[in-house]
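J.: Need coordinates for the following:
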Amino acid sequence: MDNEEKTTGTPEEEEIKQEPREEEEKEEELSGKEKRKLGKQLKELESKLQKAEKEQDKAKEALADANDKYLRMLAEFDNYKKRTAKESEARYGSAYCDAVEALLPVFDNIERAADYASDEQSKNGLLLIISNFKDVLSKMGVEQFGEVGDEFNADIHSAVMHIEDENLGENTIAEVFQKGYKKGDKIIRYATVKVAN
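T.: Okay, here's the model as predicted:
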């Protein structure tokens, strides 16, 4: 009896033993044409995968190029905006200074007229105009420079004469022929002066 039990098992165990045999038979059946067919399909799929990877690499490169071009264009546009704003501001400043410079000879003539006015009433009227004009220039941010006793500075003064005078210090303005004007760092008109020593 013991021998029979070893050789024979339950019906379920018999089914389990038969299933692997069937799979082995199926694998043996695949060995012919189907194996070649599956091998061919595998090679085609590998080829397609390689193609797809190459296309993906090309797409990545194209994306990187497009991104680089976009960043460059963005930087160029930002520089263009800054340059345009700066040029616009410079044009406005230049036009502003040109307008003030055109008015300065009139102001100089009014100052000369006040110096040579014969009657007190005319002189007071001219001095009032001069005071108003200076106030307007001040409100516009225009400064007047070039006074007797100031130190000569070649960057803002134009020396047309030179004298020796022991009473004045070295490189000192002895006389002002025409006052200078500036707005911020921009010189509208250089001061024309006589320099001592």
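J.: what residues are up against residue 192?
T.: The neighbourhood of residue 192, defined by Cβ atoms under 8 Å, 6 or more residues apart in numbering, consists of 146, 157, 158, 160, 176, 177, 178, 180. (Each C-beta comes from the backbone N, C-alpha and C, glycine too.)
J.: in the strand or helix carrying it, what counts as buried?
T.: For residue 192, the host element (DSSP states H and E) is strand 191-196. By neighbour count with 16 or more other Cβ atoms under 10 Å, strand 191-196 contains the buried residues 191, 192, 193, 194, 195, 196.
J.: if I look at the residue nearest the centre of the chain, how far off is residue 94?
T.: Taking Cα atoms, centre = their mean as the criterion, residue 79 is the residue nearest the geometric centre of the chain, at 4.4 Å. Separation of residue 79 from residue 94 (Cβ to Cβ, to the nearest Å) stands at 22 Å.
J.: hang on, the earlier thing: check for me that the residue nearest to the centre of the chain belongs to a strand.
T.: No - for residue 79, which was evaluated using DSSP: H, G, I helix; E, B strand; the rest coil, the result is helix, with no strand membership.
J.: tell me the contacts of it?
T.: Here residue 79 is in contact with no residue (Cβ under 8 Å, 6+ apart).
J.: and residue 194, what pLDDT?
T.: Each residue has a pLDDT score; the one for residue 194 is 93.
J.: Isn't it up against residue 165?
T.: No - Residue 194 is beyond contact range of residue 165, at 9.8 Å (criterion: Cβ atoms under 8 Å).
J.: Overlap in contacts, the two.
T.: In contact with both residue 194 and residue 165: residue 174, using Cβ under 8 Å, 6+ apart.
J.: This protein: helices as residue ranges?
T.: Taking DSSP state H, the helices of the chain run over residues 2-7, 11-30, 33-115, 120-139.
J.: For residue 186, find the nearest of the ones you listed.
T.: When those are compared by Cβ to Cβ, helix 33-115 sits nearest residue 186, at 5.8 Å.
J.: what's the model's confidence in that closest one, averaged?
T.: Across helix 33-115, the average pLDDT comes to 91.
J.: angle of it against helix 120-139?
T.: 170 degrees (axes from the mean of the first three to the mean of the last three Cα atoms, to 10 degrees).
J.: re earlier: show the buried residues in the contacts of residue 192.
T.: Neighbour counting over the contacts of residue 192 (16+ other Cβ under 10 Å) leaves 146, 157, 176, 178, 180 as the buried ones.
J.: And those residues, which two are furthest apart?
T.: Comparing all pairs in these by Cβ to Cβ, the longest separation belongs to 157 and 178, at 10.5 Å.
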